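Enquirer: sequence and computational prediction follow.
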Amino acid sequence: IKEIVINHKFTLIGSRTDISGIFHGPIYYYISSIPFVLSRGNPIDVSIFYVALSSLTVFPIYVLGSFFGNKRIGILSALIFAISFQSIVYARWLSNPPLVVPLVTLYFVFLYRFIKGSKKDLLFASITLGLLNQSEFLNIVFFPVITALVIIVYFHKFSSQNKLYLFLCSILAILVSVGTYIIFDLRHNDLIIKSIFLL
């Protein structure tokens, strides 16, 4: 984060995963640079930012829970999240996991709103999907499958949209998801692709 803010050395990849040669996306570093700048480089304030972000996730979780029944389900969902040991622990990590739950929740909120008729929410879902895939490498494995299943189940909603709009949303999701990886690999002799094939 300091390299980005102070030395203006922008990165195309994030922190290492547990697998050699495979990295998370850089979105965590870029989002972290905001509280880093505002606090003049205090890592405690960066950590507080992620605690606050995780705490605010209780609201979209309430909204998402309310979509699947009534306000009681929303309140129960928010309460379970608020007292979840894992969410409390992850919120305090000075690493990429605190971004995952807020982005997953927003992704499903936007997707649900699109299915209910809000065309513009597909664009927001595409951007959020890309950021979600940037926040944790394994999401690139899971969320395209989840998205494909949603498209199959709600095919009539997707097929009724303008084809150019669907194409642009798809390209946007792909570029935000893997654009930095592609550029990094082009500059570093296909390091990540080779590591994936070795895996």
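Expert: Alright, I've got the coordinates.
Enquirer: could you find the closest non-adjacent residue to K119?
Expert: Q161 (6.8 Å; C-beta to C-beta, 6 or more residues apart in numbering). The way it works is simple: take the backbone N, C-alpha and C, and place the C-beta from them, glycine included.
Enquirer: show me the helices in the chain, by range?
Expert: 2-5, 27-38, 43-56, 58-67, 71-83, 85-91, 97-115, 120-135, 139-153, 155-159, 163-187, 191-198 (DSSP state H).
Enquirer: for the second one, the distance to its chain's centre please.
Expert: For helix 27-38, the separation from the chain centroid amounts to 15 Å (computed by C-alpha atoms, centre = their mean, to the nearest Å).
Enquirer: residues touching the closest residue to F81 other than its chain neighbours, list them.
Expert: Nearest residue to F81 in three dimensions, chain neighbours excluded: I61, at 4.9 Å (C-beta to C-beta, 6+ apart). I61 makes contacts with G74, S77, A78, F81, T105, as judged by C-beta atoms under 8 Å, 6 or more residues apart in numbering.
Enquirer: kindly recompute the last result at 6 Å.
Expert: By C-beta atoms under 6 Å, 6 or more residues apart in numbering, the contact set of I61 is S77, A78, F81, T105.
Enquirer: then S87?
Expert: By C-beta under 6 Å, 6+ apart, the neighbours of S87 are F81.
Enquirer: switch the cut-off to 10 Å
Expert: S54, S55, T57, V58, I61, I80, F81, P97, P98, V101 (C-beta atoms under 10 Å, 6 or more residues apart in numbering).
Enquirer: lowest pLDDT pick from those?
Expert: Ranked by pLDDT, the contacts of S87 bottom out at P97 (76).
Enquirer: now the closest residue to that one other than its chain neighbours: how far from L198?
Expert: Once flanking residues are discounted, P97 sits nearest to Y90: 4.5 Å by C-beta to C-beta, 6+ apart. Distance, Y90 to L198, using C-beta to C-beta, to the nearest Å: 29 Å.
Enquirer: give me the more crowded residue out of those two.
Expert: Y90 (18 against 10; other C-beta atoms under 10 Å).
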